[in-house]
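In: sequence and predicted model, in that order:
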Amino acid sequence: MRAQVSLEYLVVSVVALGLLSVSIMALAGIKDSAADNAELLRFRSSAISLSNAINEVCALGSGNGREVALSTKLSIETSGGDIGPSDVGGSVASGIGDGFVARFVGANASIVRRSPCEIDAAGELEGLVYVENEDGLVTIRGR
């Protein structure tokens, strides 16, 4: 009888450890997914804040500037002139016509925004950046 109790206890212990290990592996996967989503949200927030600052400085005219705090690294690729569907990812709703396109590029994502002013940004941007309008050319540089 005593051996049967020990065997049953061993089987119950093995099953419990198996369920525990499956649960831990599932939680690790959820944690990785949540971290990726948080990083994407930080990038999107930084890109939209910078885009809004660019448009605000552009609208206010030459000599105006704004400081923007970025929570992730990003870079900006620009194109100008006539904006076509290929510049904005094939989306007609993104704005087609005269103007400039800024593509904000992060580690695993990119966002395309339209701007009425030409944009000059060199290299990767991180932390506190300064956005300034110099005679219709919006320059972005790190602080």
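Out: Arrived safely, thanks for sending. Residues are numbered from 1 along each chain as shown.
In: paired strands for the one helix or strand residue 66 maps to, with orientation please.
Out: Taking DSSP states H and E as the definition, residue 66 sits inside strand 65-79. Each strand paired with strand 65-79, and its direction, by DSSP bridges: strand 100-105 (antiparallel), strand 125-134 (antiparallel).
In: tell me which of these approaches residue 114 most closely.
Out: strand 100-105 (6.1 Å; Cβ to Cβ). For every residue, glycine as well, the C-beta is placed using N, CA and C.
In: any idea of the mean pLDDT in the closest one?
Out: If you average the pLDDT over strand 100-105, you get 89.
In: what does it contact?
Out: Outside strand 100-105, the residues within contact range by Cβ atoms under 8 Å, 6 or more residues apart in numbering are 43, 46-47, 50-51, 54, 74-80, 83, 87-88, 110-119.
In: for the residues you listed, which PyMOL command selects only the ones that are buried?
Out: This is how PyMOL selects the buried members of those, with burial counted by 16 or more other Cβ atoms under 10 Å:
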select buried, resi 43+46+47+50+51+54+74+76+79+83+87+88+111+112+113+114+115+117+118+119
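In: so of the contacts of strand 100-105, which ones are in strands?
Out: Among the contacts of strand 100-105, the members found in strands (DSSP state E) are 74-79, 110-115, 118-119.
In: count of neighbours near residue 69?
Out: Neighbour count for residue 69, taken as other Cβ atoms under 10 Å: 11.
In: in terms of pLDDT, where does the closest residue to it other than its chain neighbours sit?
Out: Take residue 69 and drop its neighbours on the chain: the residue closest to it by Cβ to Cβ, 6 or more residues apart in numbering is residue 128, 5.5 Å away. Residue 128 carries a pLDDT value of 94.
In: residue 128: neighbouring residues, count only.
Out: With other Cβ under 10 Å as criterion, residue 128 counts 11.
In: now swap in residue 121 and tell me
Out: By other Cβ under 10 Å, the residues close to residue 121 number 22.
In: where does this structure dip in pLDDT?
Out: Scanning the chain for pLDDT under 70 picks out the ranges 1, 80-98.
In: residues contacting the residue nearest the centre of the chain?
Out: For the chain, the residue sitting closest to the mean C-alpha position, by Cα atoms, centre = their mean, is residue 43 at 2.2 Å. Applying Cβ under 8 Å, 6+ apart to residue 43 gives the contacts 72, 74, 104, 106-109, 111.
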